[in-house]
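Chemist: Below is the structure, and that's it, no one-letter string:
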């Protein structure tokens, strides 16, 4: 990125390698029926693991992937992702592990509710 394109005026060099999380987000948002023959390890389920999606949300996303409902899949994943990013940004360092698990459970329930409403 040219320095003129950011507030800090910093030149950001190009890179041509995708990180594992880049690959995961690409596979989740642009899913294929099967993994590429060139990268058979990058299944839809593997992408969800790399993105650290919780089991309940994973089950919902896999169901949407199998039904080929890409619009609802993207809505569900991006809702989950926005909630997780917001939680990470606002979480307290004093939060206990059990509080974190309760928060993740609640977020999973919220994501499920968003999906249910989008199906109506």
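Modeler: Okay, I see it. These numbers were taken from a predicted model, which means no experiment stands behind them. Numbers count the residues shown, from 1 in each chain.
Chemist: Output the below-cut-off pLDDT ranges for this protein.
Modeler: The chain contains residues with pLDDT under 70 at 88-104, 106-108, 111, 115, 118-120.
Chemist: quick one, helices of it?
Modeler: 20-29, 44-50, 55-66, 70-90, 97-119 (DSSP state H).
Chemist: mind listing what's buried in the second one?
Modeler: For helix 44-50, burial by neighbour count (16 or more other CB atoms under 10 Å) applies to 44, 46-48, 50. Glycine gets a C-beta too; all of them are placed from N, C-alpha and C.
Chemist: what comes into contact with it?
Modeler: 20-21, 23-25, 27-28, 31-32, 35, 58, 61-62, 65 (CB atoms under 8 Å, 6 or more residues apart in numbering).
Chemist: By neighbour count, which of those wins?
Modeler: Among these, residue 61 has the most neighbours (other CB atoms under 10 Å), with 26 neighbours.
Chemist: Could you report the distance from that one to residue 19?
Modeler: Distance from residue 61 to residue 19, counting by CB to CB, to the nearest Å: 20 Å.
Chemist: neighbours of the nearest residue to residue 18 once chain neighbours are set aside, just the number please.
Modeler: Nearest non-adjacent residue to residue 18, counting by CB to CB, 6 or more residues apart in numbering: residue 26, 7.4 Å away. Close neighbours of residue 26, defined as other CB under 10 Å, add up to 13.
Chemist: next one: residue 53
Modeler: If we define neighbours as other CB under 10 Å, then residue 53 has 25 of them.
Chemist: residues in contact with it?
Modeler: Residues near residue 53 by CB under 8 Å, 6+ apart: 61, 77, 80.
Chemist: how close does it sit to residue 5?
Modeler: In terms of CB to CB, residue 53 sits 32 Å off from residue 5.
Chemist: now do residue 39
Modeler: Applying CB to CB to residue 39 and residue 5 gives a distance of 31 Å.
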